[in-house]
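# Let's see this in three dimensions:
(one chain, ligands or ions: 2)
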Amino acid sequence: MKNPPILQFADLQCGYGDTVVVRGVSGCTAPGRVLGILGRNGVGKSTLLKALAGFLPVAGGTLAWAGQDLRTLPPHARLAAGIAYAPQENVVFGELTVEENLWLHIGRRRDVRYDALFARFPRLRERLAQRAGALSGGERKLLSFARTMALAAPLTMLDEPTEGVQPENIDRMAQCIHEVTAEGRSFIVVEQNLSFLEAIASDVLVLDHGRCVLQGEMRALGREALEAHLVV
Ligand SMILES: Nc1ncnc2c1ncn2[C@@H]1O[C@H](COP(=O)(O)OP(=O)(O)OP(=O)(O)O)[C@@H](O)[C@H]1O
Ligand SMILES: [Mg+2]
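Numbering: from 1, shown residues only. Ligands and ions are numbered 1, 2, ... in the order given. Alright, predicted model coming up:
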């Protein structure tokens, strides 16, 4: 890894109440890198991301951002520190318009520009005046992706961003991620779409029953090894 890690977690444990879901998982990401998190349904991928974003307490292990202990920092403070997060579910406010959803997220910050995202995803611009609740599941995911990307955070965490999204828009999402990682931003992306991960991930971490069962550089591991862990 060329750049030193920006986010690092080691022996991380988290879950719900007394139920431990993620058990002793370690990983990191660095500027310009994309860490893909893979695994079958229910293995703890979203739980891990929620703990990294501050929506679940860290029950054990360490979690650091640029050397600073993150474990007790609430979600808004992690966002302010440079960690953006798009959850898997409940990604938009259904009663608000698409435009309101976009502005709400960024508080009309002038340095945030949607032009490039609108050019790439014209569907979003066409729907600005529409209630977000009337969008399809895939369109909602696209809206969530756009507003999270527009934050231009040093680290962006996306939980299954391509769920229900049309193939051509999945390709465009991959291009977006590619472009900004080249500028030094980093990502942690939970995905079950292996082709998408192959297109964007530099590193991967495979979870099974809350534990890491495979980890390394995407190139070195290859598709077959990853697929073997996804087969039920
Ligand atoms: N709010 C919750 N309260 C209690 N248990 C939960 C909660 N959310 C998830 N779990 C449990 O934690 C485990 C891991 O769930 P998690 O959502 O992290 O899996 P996942 O890998 O993201 O799955 P998927 O691919 O379906 O999104 C599951 O057994 C699930 O039932
Ligand atoms: Mg999940």
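# can we go C-alpha only for contacts and neighbour counts from here?
Noted.
# Would you mind giving the secondary structure of the closest residue to Q166 other than its chain neighbours?
Excluding the flanking residues, the one nearest Q166 by C-alpha to C-alpha, 6 or more residues apart in numbering is G138, at 7.1 Å. State at G138, reduced to three classes by DSSP: H, G, I helix; E, B strand; the rest coil: helix.
# and G138, how many neighbours does it have?
Neighbourhood size, G138 [other C-alpha atoms under 10 Å]: 17.
# Would you agree L205 is in contact with L221?
No - with contact defined as C-alpha atoms under 8 Å, L205 does not reach L221; the gap is 10.4 Å.
# higher neighbour count, the two?
L205 (24 against 14).
# and the closest residue to the more buried one other than its chain neighbours, what element?
If the residues on either side of it in the chain are set aside, L205 comes closest to Q215, at 4.4 Å by C-alpha to C-alpha, 6+ apart. Element membership for Q215 (DSSP states H and E) is strand 211-217.
# swap in T156?
With DSSP H and E as criterion, T156 is part of strand 155-159.
# Just checking that strand against ligand 1, any contact.
No - judged by C-alpha under 6 Å from any ligand atom, strand 155-159 makes no contact with ligand 1; its nearest approach is 8.0 Å.
# State the distance from the residue nearest to V58 when sequence neighbours are not counted to A84.
Distances taken as C-alpha to C-alpha, 6+ apart place C14 nearest to V58, at 5.2 Å, with adjacent residues excluded. Distance, C14 to A84, using C-alpha to C-alpha, to the nearest Å: 20 Å.
# can you check S136 too?
23 Å.
# So if I had to pick from those two, which one is more boxed in?
More crowded of S136 and A84, by other C-alpha under 10 Å: A84, with 24 against 12.
# residues touching that one, list them.
Residues near A84 by C-alpha atoms under 8 Å, 6 or more residues apart in numbering: 53, 78, 148, 151, 153, 155-157.
# of all those residues, which two lie farthest apart?
Pairwise distances across the contacts of A84 peak at 15.1 Å for A53 and L151 (criterion: C-alpha to C-alpha).
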